[in-house]
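> Generate coordinates for the sequence data below:
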Amino acid sequence: MDLGSVLFGLAMVVLVAAYVLRPIAAGARGSQAGGQFSSLQAEREHLLDALQELDLDHYMGKVLDKDYRPQRQALTLQGVQVLRRIDELQGSPGPQDSLEAKLEAAVKEQRSLARSETRYCHQCGSRILPADRFCPRCGAVQQEPGV
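Take a look at the predicted model:
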């Protein structure tokens, strides 16, 4: 074996190791934020269960009114704090949120266009949108609005 073959084999081993270990390294970086988010979600679920149990115990008469109200307020306050921390971790809206906002704006624009100019087919009389060149009902060619 010559030196070139050995170096090529060594380079291939390093590349394969880097490729295989990349998800593990990425998981270590993201695990801290993900772990904190998971623990907050678990705490949220625990508080919801505690509230539900407290409400049931109050309904069944196991907890008196004088004890129920302060306990419920304390659990609700803890829940609000947990939800605020979850919101802080989630941060700014992601690309999915901006896509939804663009889609909503486009739908709103189309609806305003449809309301602004109501046109009717000259052949069958059905309602058509301003941008329609053909009637969706009968297929007749439509004239431009200014013509």
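> pLDDT at residue 108, what is it?
At residue 108, the model reports a pLDDT of 85.
> Give me the neighbour count for it.
The local packing of residue 108 (other C-beta atoms under 10 Å) involves 10 other residues. Every residue, glycine included, has its C-beta placed from N, CA and C.
> what do you get for residue 135?
A count of nearby residues for residue 135, using other C-beta under 10 Å, gives 20.
> now residue 85
Neighbour tally, residue 85, other C-beta under 10 Å: 16.
> Mind checking what helix or strand follows the lowest-mean-pLDDT helix or strand in the chain in sequence?
None of the helices or strands of the chain scores lower by mean pLDDT, DSSP states H and E than helix 95-116, at a mean of 76. Downstream of helix 95-116, the next assigned helix or strand under DSSP states H and E is strand 119-120.
> So what's the gap between that following strand and the chain middle?
39 Å (C-alpha atoms, centre = their mean, to the nearest Å).
> Same question for stretch 121-130.
Centre to centre, stretch against its chain (C-alpha atoms, centre = their mean), the figure for stretch 121-130 is 39 Å.
> Report all helices and strands that the helix or strand harbouring residue 73 contacts.
Per DSSP H and E, residue 73 falls inside helix 65-90. The contact analysis (3 or more C-beta pairs under 8 Å, 6 or more residues apart in numbering; DSSP states H and E) places helix 65-90 against helix 3-60.
> which secondary structure elements does the helix it packs on contact?
For helix 3-60, the packing partners by 3+ C-beta pairs under 8 Å, 6+ apart are helix 65-90.
> tell me the angle of the helix it packs on relative to helix 3-60?
160 degrees (axes from the mean of the first three to the mean of the last three C-alpha atoms, to 10 degrees).
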